[in-house]
Structure formats: C-alpha cells, structure tokens
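J.: Based on what follows, work out the 3D shape:
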Amino acid sequence: MKPPDENDDPTPEEEKPRYLLPGGAKNIADVLLSKSVSVPDPISVGDLAVALRMKPFILVAALMDLNIFASLSTTLDFGTVSTFCSRHGVVTHKII
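T.: A predicted model of the protein is given here:
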C-alpha cells in the first residue's frame, strides 16, 4: 500500500483553508459566535478576539488573509476592524 500523495487530494487548492479551523468549520463565519460587536477605537487584536469570542490565533491568521500581519498586542483602527468584520458577516458598532 503506497502512502497518500498530495496530488491525490480531490479538494481544489482555492477551497483549502490556509489555517485549521476548530470543529471542522469551513470558514471564519462558522467560528464567530457573535454577529454584532461594539468596539472602541483603537482596539488590540487580543481584545478584538475576546469581543468576537474567537481564539486569538484564528483571528491573527484571518487578518493575514487581508495582508495585515499583527500580533496580539497590535492595535487596529475602527476602519480595519469594520472591514474585517463586514467580510465575515459581523456588524460593528463604534464605542465613543
């Protein structure tokens, strides 16, 4: 019996996630527990993960898909947070 080869995988490359999502989720929207979030401006990546109720490493990986290379202590402005959340079906509200 030969070991499985990378070329034997029937899943097209564009459908494969770049990172592993918990629970067999297909996309970030399946991982997000909240559909609406109120955030201050600016907010750290770690605090945004808490607000979205998701694992921080998943948020960092999802930000990398937007070419935003951030650590947990990196602060994001409301525009960036709003863009990220709207792409994943979450409504954002700015805390003043």
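J.: low-scoring stretches of the chain, by residue?
T.: Confidence mapping of the chain against pLDDT under 70 gives the ranges 1-34.
J.: so Thr74 touches Ser44, yeah?
T.: Yes. Thr74 is within contact range of Ser44, at 6.7 Å (criterion: CB atoms under 8 Å). Quick note: C-beta positions are derived from backbone N, CA and C, even for glycine.
J.: In stretch 44-55, which residues are buried?
T.: For stretch 44-55, the neighbour count (16 or more other CB atoms under 10 Å) marks 44-49, 51-52, 54 as buried.
J.: mind listing the helices for this structure?
T.: Along the chain, the segments classed as helices by DSSP state H run 28-31, 45-52, 56-65, 78-87.
J.: Packed most tightly, which of those helices would that be?
T.: Ranked by mean neighbour count, the helices of the chain are led by helix 45-52 with a mean of 19 (mean count of other CB atoms under 10 Å).
J.: Tell me what angle that one forms with helix 78-87.
T.: 40 degrees (axes from the mean of the first three to the mean of the last three CA atoms, to 10 degrees).
J.: Dump helix 45-52 to PDB, restricted to CA.
T.: The C-alpha trace of helix 45-52 is given here as PDB (Å, rounded to 0.1, in the frame of the first residue of the first chain):
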ATOM      1  CA  VAL A  45      -6.100  42.200  18.300                       C
ATOM      2  CA  GLY A  46      -6.300  40.300  21.600                       C
ATOM      3  CA  ASP A  47      -9.300  42.400  22.800                       C
ATOM      4  CA  LEU A  48     -11.000  42.100  19.400                       C
ATOM      5  CA  ALA A  49     -10.700  38.300  19.700                       C
ATOM      6  CA  VAL A  50     -12.400  38.500  23.100                       C
ATOM      7  CA  ALA A  51     -15.100  40.700  21.700                       C
ATOM      8  CA  LEU A  52     -15.700  38.300  18.800                       C
END
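J.: close enough to count as contact, Ala70 and Phe57?
T.: No. Using CB under 8 Å as the test, Ala70 is too far from Phe57 to be in contact (11.7 Å).
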